[in-house]
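Participant: generate coordinates for the sequence data below:
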Amino acid sequence: MIKNVALKKLLSGTVFRGITALNRAVPVRDDVILLYCNMEFRDNIRYLYDYLIEQEYNRKYTIIRSQNEPFTGPVPDNVKIVSNAAAIGWFLRAGHVFYTFGKLPIEPAAGQKVVQTWHGAPFKGFDAAMGDDSRVYYTAALSSSEFWKPIVARLQGCGEDRVAICGQPRTDVMFEPDPGYEIGIDCDRLVMWMPTFRKSAVLGYSDVEEQKTIVPLFSQQELADLNAQLQKDRTGLLIKLHPSQDLTGYQGMNLSNIRLMSHEEFGRSGWDLYRLMGMTDALITDYSSVFTDYMLLDRPIAFTLDDYDDYKATRGFSVEDPDALMTGHKIRTREDFLEFMEDLAAGRDPWASERRRVNALLNQYQDGQNRRRCLEIGGVTPPADEKKQGTAGASGRSGGKKSAGVPVKSGRGKETGTKAAETGTKAAETGRKSKDQMAEEKVRKKTKRLMTPEEQKQAAYEILCWLKDLCDKEGIHYSLTGGTLLGAVRHKGYIPWDDDIDVFLLRPEFERLDKVLRGQKEYKWITPRNYLGRYWNHGRLVRRDTKIYDDELGDSMGIGIFIDILAVDGLPDNPLERRRHIARMRSLYRLKRSTTPQKEEYIPKNPIKRAGKSLIQKYTLGRGVEYWNRKIYRYKLKYPVDQGQYVCNLMSQYGAKEILHRSGFDSYIEMPFEDRTFSVFAGYEEYLRGVYGDYMQLPPEDKRVGHHFDKAYWIS
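Facilitator: Below you'll find the predicted structure:
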């Protein structure tokens with residue numbers, strides 16, 4: 001591989017122009033296939049080669065395998081192993097040429113098919129100069145869906161008419177029978193971590209300003225500390241480093257539940273990467289396009305984003321909103337990492353529906369037939385008695401899709417292949433009759449005991465006390481609101497029949513608090529930006545030592561005891577426009593809410609209304625919850641709080657009743673609540689009158705209903 005860009009351009013503009021002219025004069029042979037790779041012979045090109053030999057295409061075609069590294073092992077009949085330099089001569093004769101890394105800058109001759117398979121979806125940013133050559137070197141460049149088509153055209157320097165829709169050939173083997181690799185980890189689930197490179201000795205550049213550790217978030221010593229927790233949870237972690245990763249300071253590791261492998265070590269293992277991925281239960285990655293491949297398996301994915309801003313500013317992304325495609329847990333701290341592992345151990349997958357929507361957008365073909373499809377695009381036809389491709393398609397491996405609730409130990413224990421399939425079938429049969437009980441048991445396995453209602457209230461109150469101390473320290477203005485504010489005014493503490501706590505802040509103060517909370521580890525901080533599992537549009541500060549279980553929704557909320565933290569946004573001064581703005585916000589909220597599971601009490605009983613809601617849900621699910629989050633957030637910011645006379649919690653169930661004068665937030669007072677005092681905005685009486693009317697009057701006894709959770713547990 002020539003690294004010098006100037007030299008590459010010089011050769012392309014001189015020597016290879018002459019070779020292009022020669023290529024047009026030399027007759028091509030339809031029975032010759034050239035597989036060219038200017039790096040190690042791997043990725044899509046390797047999977048195509050293996051398929052060609054497996055299906056005995058070499059009985060019909062001469063197959064030229066071009067590589068610079070030494071070849072070991074027997075050479076199949078009608079196959080030639082040549083150097084990349086010698087491949088130039090074969091290019092002049094080959095009727096079918098396939099690339100994965102790099103290319104020969106020779107324009108195709110008439111009747112010659114030249115296909116650029118590339119090495120993954122073009123998710124990461126690329127040098128615009130890669131596609132600025134006016135000459136076109138391919139008859140087709142592969143794109144896994146219409147979404148990627150214009151990006152592939154820019155990357156490969158060809159028109160969209162030359163971009164062919166075909167999935168990554170490498171993904172087909174994920175659906176083949178379990179290879180039974182012995183990973184050497186005794187575990188109930190295996191997680192694969194595949195970080196992209198930050199600094200490359202091979203390519204001679206860095207995608208970040210500074211490479212702090214070989215693996216994001218963890219030094220090698222910290223990985224050793226993590227091993228103890230993984231051992232306790234019976235989770236295995238296999239970390240496979242990127243082929244281009246600079247390994248300065250790297251030391252091999254082989255702990256009881258973690259294996260850290262360089263690309264060279266992985267190569268010596270004899271394992272096939274994509275067959276191994278088919279064995280795993282979850283993937284951790286970051287900016288690598290491998291996540292688009294793994295989506296085909298419909299299993300949990302997490303993204304390490306600790307250096308997101310640095311990476312975006314340096315290497316960047318090819319798409320305008322990369323976050324919208326990364327449908328999985330967002331890991332920025334070691335605590336986030338442990339939370340993802342905790343969700344896996346409990347069988348929770350809150351991103352499932354959103355991930356499936358994005359998968360349909362990014363992967364048009366999900367049938368495990370991309371090697372055959374790629375060859376057809378390149379004009380290669382199978383021998384007359386071609387073997388049937390051994391794949392079960394994207395519905396699962398030949399032994400059936402793994403059940404998240406069944407410990408499948410393929411390669412990690414004794415249970416493999418058919419036996420795993422039988423176990424999965426049994427689980428499906430028995431699980432159907434007691435799905436709710438099984439979900440609750442998952443929570444109970446990690447519990448100490450059920451919380452009493454009083455303990456729930458105390459647990460939430462302790463969060464509030466911690467928040468008060470934090471805001472006082474940081475100089476952030478907050479206020480009690482909702483039933484918590486009413487309780488402070490009327491009862492000097494909790495409303496006797498209530499148990500939840502609400503706080504709100506003006507938008508600028510909320511954004512300040514958000515930054516502070518994202519950097520702390522005491523509590524879990526979730527917002528629509530980092531948690532798509534439910535419909536809420538505000539922040540929640542959650543205790544890590546508790547877990548909520550809902551009789552109807554199970555543990556799908558995936559959180560413990562919490563307090564709600566809401567933002568107060570600006571409104572237009574015009575009264576009519578003010579109410580329209582609130583109405584629009586509530587409509588957007590209802591549309592977003594329809595994308596997530598809801599209790600039966602919120603589903604219309606009327607069949608016509610129920611059918612209408614079902615149609616709306618199909619529309620909203622097609623857009624995805626991330627789309628609605630972004631839309632709602634933009635609308636919230638439409639009227640800055642400091643440019644008008646009115647403000648409102650736009651997501652409130654009370655709607656226009658919560659319209660407040662901005663001046664009510666000019667000052668704050670301290671008000672008793674339980675055994676401490678907390679901040680309350682000066683205009684609190686306007687709020688209480690608007691929402692509750694005669695707020696000092698107790699409601700009728702039948703209206704004294706709290707927000708009690710069905711069950712909450714202390715967890716170990």
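
Participant: mark out where each domain of the protein begins and ends.
Facilitator: Taking automatic domain parsing as the domain assignment, the ranges for the chain are 5-165, 174-350, 448-569+645-715.

Participant: looking at the shortest one now, give me its mean pLDDT.
Facilitator: Same thing as domain 5-165. Per-region confidence: domain 5-165 scores 88 on mean pLDDT.

Participant: look at the residue nearest to Phe71 when sequence neighbours are not counted and give its secondary structure.
Facilitator: Once flanking residues are discounted, Phe71 sits nearest to Ile81: 4.6 Å by CB to CB, 6 or more residues apart in numbering. Placement of C-beta: from N, CA and C, glycine included. Per DSSP: H, G, I helix; E, B strand; the rest coil, the local secondary structure of Ile81 is strand.

Participant: if we can go back for a sec, ok, which of the domains of the chain comes nearest Ile582?
Facilitator: domain 448-569+645-715 (5.6 Å; CB to CB).

Participant: from the chain's centroid, how far away is that closest one?
Facilitator: Its chain's C-alpha centre and that of domain 448-569+645-715 lie 29 Å apart, by CA atoms, centre = their mean, to the nearest Å.

Participant: tell me the contacts of Ile561?
Facilitator: Ile561 makes contact with 451, 456, 459-460, 463, 542-543, 546, 548, 712, according to CB atoms under 8 Å, 6 or more residues apart in numbering.

Participant: just the ones of those in strands?
Facilitator: 542, 546, 548, 712 (DSSP state E).

Participant: can you pull up the bridge partners for the third one?
Facilitator: When bridges are assigned using DSSP bridges, the partners listed for Ile548 are Ala712.

Participant: from Arg268, how far off is it?
Facilitator: Taking CB to CB, to the nearest Å as the measure, Ile548 falls 47 Å from Arg268.

Participant: of these two, who's got more company?
Facilitator: Taking other CB atoms under 10 Å, Ile548 and Arg268 do not tie; Ile548 has more neighbours (23 against 9).

Participant: from the chain's centre, how far out does stretch 564-582 sit?
Facilitator: Mean-position distance between stretch 564-582 and its chain equals 33 Å (CA atoms, centre = their mean).

Participant: buried set for that stretch?
Facilitator: If you call a residue buried by 16 or more other CB atoms under 10 Å, then stretch 564-582 has these buried ones: 564-572, 578, 581-582.

Participant: and the furthest pair within those?
Facilitator: Asp564 and Pro572 (25.9 Å).

Participant: most neighbours, which of the contacts of Ile561?
Facilitator: The most crowded member of the contacts of Ile561, judged by other CB under 10 Å, is Ala712 (26 neighbours).

Participant: and it, how far from Ile563?
Facilitator: Counting by CB to CB - Ala712 and Ile563 are separated by 14 Å.

Participant: run through the stretch 201-350 of the chain and note the low-pLDDT ranges.
Facilitator: Within the stretch 201-350 of the chain, the segments meeting pLDDT under 70 span 201-214, 244-254.

Participant: can you pull out the helices in it?
Facilitator: Assigned by DSSP state H, counting those that start in this stretch, the helices in the stretch 201-350 of the chain fall at 220-233, 263-269, 273-279, 290-294, 308-314, 322-325, 334-346.

Participant: which of the ones you listed sits closest to Thr381?
Facilitator: helix 273-279 (25.2 Å).

Participant: that closest one: how far from the chain's middle?
Facilitator: Mean-position distance between helix 273-279 and its chain equals 18 Å (CA atoms, centre = their mean).

Participant: check stretch 50-66 too.
Facilitator: So, by CA atoms, centre = their mean, the centroid of stretch 50-66 is 37 Å from its chain's centroid.

Participant: swap in stretch 343-362?
Facilitator: In this view, stretch 343-362 has its centroid 8 Å away from the chain centroid, taken as CA atoms, centre = their mean.
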